[in-house]
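> Give me a 3D structure for the following:
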Amino acid sequence: MGNAFEFINISFAIIISLFLIFKPNPFIKFIGNIYWHMGKFTALGKSKETKKYFIGENTFWFRTWGVIMLAIVCLSMVARMAE
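Prediction:
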């Protein structure tokens with residue numbers, strides 16, 4: 001039963017990292033919407049015109065994060081197989 005949970009965790013991490021690499025826009029919108037809803041506590045306020053400051057268009061850091069996650073997952077799988 002423990003192996004099944006490890007397989008699900010690893011599969012989930014691989015899927016998330018691949019989505020971050022190849023389809024980062026949904027993650028940008030999700031995180032941007034969370035920040036935008038917290039934006040009423042900032043000096044910008046919360047309006048439709050300030051939403052562009054919270055939801056970015058640059059996908060570089062999300063793709064980089066996905067590559068790092070994928071590398072860590074692959075290295076951990078290799079380390080488990082070496083045991």
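
> sec struct for Lys46, please.
Classification of Lys46 by DSSP: H, G, I helix; E, B strand; the rest coil places it in coil.

> which ones are touching Pro24?
Listed by C-beta atoms under 8 Å, 6 or more residues apart in numbering, the contact set of Pro24 reads Thr59, Phe62, Arg63, Gly66. Backbone N, C-alpha and C define where each C-beta goes, glycine included.

> hmm, which of those are the buried ones?
Thr59, Phe62, Gly66 (16 or more other C-beta atoms under 10 Å).

> where does this protein have low pLDDT?
1-2, 40, 43-45 (pLDDT under 70).

> how about 90 then?
For the chain, the stretches flagged by pLDDT under 90 are 1-13, 27-59, 61-62, 76-83.

> got the contacts of Pro24 as CSV, with distance to Ile8 and secondary structure columns?
Listed next are the contacts of Pro24 as CSV, based on distance: C-beta to C-beta, whole Å; DSSP: H, G, I helix; E, B strand; the rest coil:
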residue, distance to Ile8, secondary structure
Thr59, 27, coil
Phe62, 23, helix
Arg63, 25, helix
Gly66, 19, helix
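
> Please report how far the nearest residue to Pro24 once chain neighbours are set aside lies from Lys23.
Once flanking residues are discounted, Pro24 sits nearest to Phe62: 3.7 Å by C-beta to C-beta, 6 or more residues apart in numbering. Distance of Phe62 to Lys23, computed by C-beta to C-beta, to the nearest Å: 9 Å.
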